[in-house]
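Undergrad: Predicted model and sequence follow; I will ask about them next.
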Amino acid sequence: MRLKPLFLALADALDGDLEIERFGAQELRLAAEFAYYEGETSPLKAPMLDVFAMPDVHSVCAEIANAKLMWEPPRTSSDPAYIAASIKKAHVELIGPDGIVKSGKIRMGLYGMYPNADYGIRTHPAEEVFVMLAGEAWWKRGDEDYICETAGKRSYHPSMLPHATRTKDKAFMSVFIWSGDVSTDQYVYRG
């Protein structure tokens, strides 16, 4: 499946003021010509597709819904608590060390959580941003309380900032970007 339209639509969705978003948009545009996937696929589940029908959803969600990709929990850690928390996640790495398009300087893709999920405190060296595309997620950054973010909002995490995510009765979908040290060697999940 040719992924150029998806990559270009995601690049357009990265319209914030953060340098990490500009870098992500640039990498998506450069990779778009080489973005082709023909591996195994698995569909998104109904709760995710339900939030794609909400009125405030980003238009790129139509491309995401039609893309034939392998949606699975991320494999950032082998920690049993992390694996258990990942069951309610949908993830595809588009560009990165494990991505459809290989890169050692960025890790980015699509990431969502189904309803009533909790992804506890974690830290990593990479600078990170999640750009919300559909649904709602509750984000905790550092010592702050959880804040609800919806389509069009961002959750930015500087290197090593403890952060967590949870959902309530709705799923969410986002585009994520890791920049800097994109390895998972120093990723720590505290639950």
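TA: Great, that's in hand. Numbers count the residues shown, from 1 in each chain.
Undergrad: Tell me the gap between the lengthiest helix in the chain and the middle of its chain.
TA: Looking across the chain with DSSP state H, the single longest helix is helix 19-31. Between the centre of helix 19-31 and the centre of its host chain there is 14 Å, according to Cα atoms, centre = their mean, to the nearest Å.
Undergrad: avg pLDDT for the next helix or strand after it?
TA: Once the chain leaves helix 19-31, the next helix or strand it forms, by DSSP states H and E, is helix 46-52. Helix 46-52 carries an average pLDDT of 96.
Undergrad: Then stretch 95-104?
TA: 97.
Undergrad: Show me which positions of that stretch end up buried.
TA: 95-96, 99-101, 103 (16 or more other Cβ atoms under 10 Å). Every C-beta, even on glycine, is put in place using the N, C-alpha and C of the backbone.
Undergrad: Identify, from those, the entry nearest to residue 158.
TA: residue 96 (19.2 Å; Cβ to Cβ).
Undergrad: Look up which residues are beta-bridged to the closest one.
TA: On the basis of DSSP bridges, residue 96 is bridged to residue 102.
Undergrad: Show the contacting residues for it.
TA: Residue 96 is in contact with 102-103, 106-109, 178, 182, counting by Cβ atoms under 8 Å, 6 or more residues apart in numbering.
Undergrad: Could you do residue 4 as well?
TA: 32-33, 35.
Undergrad: Go through those and name the one nearest residue 188.
TA: The closest of the contacts of residue 4, once distances to residue 188 are taken by Cβ to Cβ, is residue 35, at 31.3 Å.
Undergrad: right, and that closest one touches residue 99 too?
TA: No - using Cβ atoms under 8 Å, residue 35 is not in contact with residue 99, being 9.5 Å away.
Undergrad: Now for the buried residues of stretch 95-104: which two are most distant?
TA: Among these, 100 and 103 lie farthest apart (Cβ to Cβ), at 10.3 Å.
Undergrad: residue furthest from the geometric center of this protein?
TA: residue 143 (22.4 Å; Cα atoms, centre = their mean).
Undergrad: Tell me the spacing between it and residue 161.
TA: 10 Å (Cβ to Cβ, to the nearest Å).
Undergrad: what's the helix or strand for residue 135?
TA: Per DSSP H and E: strand 127-141 holds residue 135.
Undergrad: what residue lies at the spatial centre of this protein?
TA: The centroid of the chain falls nearest to residue 111 when counting by Cα atoms, centre = their mean (2.9 Å).
Undergrad: Double-check that residue against residue 73; I have them as touching.
TA: No - assessed by Cβ under 8 Å, residue 111 is found out of contact with residue 73, at 10.2 Å.
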